[in-house]
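Peer 1: Below are the sequence and a predicted model; questions follow.
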Amino acid sequence: MHITLEAAGYNAVINDIGANLSSLTSPAGHALILPAPPEKIRMDSRGALLAPWANRIENGLYTWAGTEYQLPINEVDKNNAIHGLVDWARWSFRKVRRDHDVASVTADYALVPQSGYPFALDFSVTYTLDERGLTTDFAVINQSKEEVPYGVGAHPYLVAGSFGEEEGAVDKWSLTAPVSTYLEVNDRMIPLAHKPVSVGLDLAKTLPLQGVHLDHAFGGLIRNAEGESTVTLTCESGDSTSLTVGESIKWLQFYTDGKSRRGVAVEPMTAPANAFNNGVDLLVLAPGELHSCWWRISGV
């Protein structure tokens, strides 16, 4: 099942599997993300919501409150647990609103205690279309009787201009992101060191992406007076797609789509890879605690 939202010239499709963002087009009719058609198996985590952790957990192992837990290994070539436990679950739609200038839908999912993550969480996500673009508001309540480790992220692949799904399109774009640090990782994409951005990775200065390969997590977000940070992907014509995050988002993962280079994954995250082990920006939710965050995709 999927829901189509239309407002202020934008169009978005939300799939009930994973409450996944399947497509998003601008008032100009241009795709703003690589699509994940709801009738097909999703490719490359396109548009996925990532919880109760984003990115990777090394070996799928972590220790919490003195007990070691083993998560399913779903990145087999690197022996990691990746992208959480909710992206292939069926969510329940509710609260659909459709007006000329605003349209929205809320989806819910209850995560039950299970091997590797024996904690109960209630998730809620609301997608809202208006003149600003598509805003995603993500919330969780800890329904367990103990503190739980937690993180959240998302996995949209941004595109700019009228390229659609063209191989090599990334080489025709430039990227600007208000970041000041990045994570050095090993060959399994597990962080080793937190470093200042260097030449070739300084996204705060607009970086042409021709020949540039990114699969990096960046931190030290530079924010405006409202606590927001905005990433902008721009094509040669000047058309651009932006992703703005609120204060709860501490990290951004960028990935230039391997050899295909059809889009740039811009992944908002509350914590980076392996946070369940290294503790970097790991959220600890008390019983009954609510945590929320948001991000927005816009076409310019």
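Peer 2: Thanks, I have it.
Peer 1: Show me the beta-bridge partners of Tyr255.
Peer 2: Beta-bridge partners for Tyr255, by DSSP bridges, are Asp215, Ala265.
Peer 1: That one and Pro156, how far apart?
Peer 2: Distance, Tyr255 to Pro156, by CB to CB, to the nearest Å: 11 Å. Where C-beta positions appear, they are placed from N, C-alpha and C, glycine not excepted.
Peer 1: Look at those two and report which has more neighbours.
Peer 2: Per other CB atoms under 10 Å, whichever of Tyr255 and Pro156 has more neighbours is Pro156, with 27 against 19.
Peer 1: Pretty sure the more buried one sits against Leu49.
Peer 2: No - the criterion here is CB atoms under 8 Å, and Pro156 misses it with Leu49 at 10.1 Å.
Peer 1: Show me which helix or strand of the protein is least confident by mean pLDDT.
Peer 2: strand 92-98 (a mean of 91; mean pLDDT, DSSP states H and E).
Peer 1: quick one on the thing from earlier: who touches both of Tyr255 and Pro156?
Peer 2: 265, 267 (CB atoms under 8 Å, 6 or more residues apart in numbering).
Peer 1: Can you name the next helix or strand after the least confident helix or strand of the chain?
Peer 2: Downstream of strand 92-98, the first helix or strand assigned by DSSP states H and E is strand 103-111.
Peer 1: just checking, what packs against that following strand?
Peer 2: Strand 103-111 sits against strand 2-7, strand 92-98, strand 121-130, with contacts defined as 3 or more CB pairs under 8 Å, 6 or more residues apart in numbering; DSSP states H and E.
Peer 1: So for that strand, what gets flagged as buried?
Peer 2: 103-109, 111 (16 or more other CB atoms under 10 Å).
Peer 1: Just the closest of those to Thr25, please.
Peer 2: Using CB to CB, Ala103 comes nearest to Thr25 of the buried residues of strand 103-111, at 13.4 Å.
Peer 1: In contact with the closest one: list those residues for me.
Peer 2: Under the criterion of CB under 8 Å, 6+ apart, the neighbours of Ala103 are 5-7, 97, 128-130.
Peer 1: farthest-separated two in those?
Peer 2: Using CB to CB, the pair of the contacts of Ala103 lying farthest apart is Glu6 and Thr128, separated by 12.5 Å.
Peer 1: So those two - more neighbours on which side?
Peer 2: Set side by side, Glu6 and Thr128 show more neighbours around Thr128, with 21 against 14, by other CB under 10 Å.
Peer 1: what sits against the residue nearest to the more buried one when sequence neighbours are not counted?
Peer 2: Distance criterion CB to CB, 6 or more residues apart in numbering; nearest residue to Thr128, sequence neighbours excluded, is Ser104 at 4.1 Å. Shown in contact with Ser104 (CB under 8 Å, 6+ apart): 5, 95-97, 126-129.
Peer 1: and Ser104, bridged to which residues?
Peer 2: For Ser104, the beta-bridge partners are Arg97, Thr128 (DSSP bridges).
Peer 1: gap between it and Val96?
Peer 2: Note on Ser104: its distance to Val96, by CB to CB, is 7 Å.
Peer 1: can you check Arg132 too?
Peer 2: Arg132 is 20 Å from Val96, by CB to CB.
Peer 1: Let me see the contact set for the closest residue to Asp16 other than its chain neighbours.
Peer 2: Take Asp16 and drop its neighbours on the chain: the residue closest to it by CB to CB, 6+ apart is Met1, 4.5 Å away. For Met1, the contact set (CB under 8 Å, 6+ apart) comprises 15-16, 93.
Peer 1: which one in this structure is furthest away from the centre?
Peer 2: Farthest-out residue of the chain from its mean C-alpha position, per CA atoms, centre = their mean: Gly66, at 30.0 Å.
Peer 1: For the buried ones among the contacts of Ser104, write the corresponding ChimeraX selection.
Peer 2: To isolate the buried ones among those in ChimeraX, judged by 16+ other CB under 10 Å, type:
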select :5,126,127,128,129
